[in-house]
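In: Turn this into a structure:
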Amino acid sequence: MSNEHTDVKQHILDTGRTIILGKGFSAVGLNEILATAQVPKGSFYHYFKSKESFGEALVDSYMKDYLTHVDLLLLPDGTPAAERLMRYWQSWASTGDGQTAECNCLVVKLSGEVSDMSEAMRVALLRGTNLIIERLGLCIREGLADGSLSNDFDAKQTALTLYELWLGAALLTKIRRERSAMDAAMTATLGLLKLPRLTAA
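Out: Take a look at the predicted model:
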């Protein structure tokens, strides 16, 4: 695959991501994406069979970028695992009023909308979120090993519970247009992990 091929395909995906983050998947037509990207329709169908296959590729591309972000926050860097874990949740909490953090926004934006509409996109979202939860579980296990997390809870189940908590908080933040759900999620997370509030700072 040539660099030019990859660049054009990624340009379409990046353009679509920006538009869909604002409007949702169903409300955006291919013509709008292609006009904004300045790519002819024939080129689109060279890379994607349909809007649904474009949506699946969009989710996969987004998740790849987001997992890089997760790894930067969670991978061992000499700090205790609990601190790295809270650094990740702080990235969710660092939002403006009425907005979810950009790194979480596509999952929040699309989950309810496309899960009943596109099986391929639903599976892509499930695959990506499972990888996030897997990384969180690994960090929790590291925290149990290094003593920065002192509970005897199950790492996998705790990772799942925390991710569900924060995803719900992000959805409520969109509904409420204010950040009380994020603040509540932070308080609940610190309580579940038995960590002082200072750890999240």
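In: Please count neighbours and contacts with C-alpha atoms only from this point.
Out: Will do.
In: Quick check: Asp77 vs Cys139, distance?
Out: 12 Å (Cα to Cα, to the nearest Å).
In: Between the two, which has more neighbouring residues?
Out: Legend: neighbour count by other Cα atoms under 10 Å for Asp77 and Cys139, higher for Cys139 (23 against 10).
In: Do I have it right that that one meets Glu83?
Out: No. Taking Cα atoms under 8 Å as the definition, Cys139 is not a contact partner of Glu83, at 9.9 Å.
In: From the contact counts, what lies against the helix or strand bottoming out on mean pLDDT in the chain?
Out: Lowest by mean pLDDT, DSSP states H and E among the helices and strands of the chain is helix 102-114, with a mean of 76. Packing partners of helix 102-114 (3 or more Cα pairs under 8 Å, 6 or more residues apart in numbering; DSSP states H and E): helix 3-23, helix 51-74, helix 119-146, helix 155-176.
In: can you put these in a markdown table and add mean pLDDT and distance to Arg197?
Out: A markdown table is the format used below for the helices and strands packed on helix 102-114 (pLDDT from 0 to 100; distance: least, Cα to Cα, whole Å):
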| stretch | mean pLDDT | distance to Arg197 |
| --- | --- | --- |
| helix 3-23 | 86 | 32 |
| helix 51-74 | 95 | 19 |
| helix 119-146 | 96 | 17 |
| helix 155-176 | 94 | 16 |
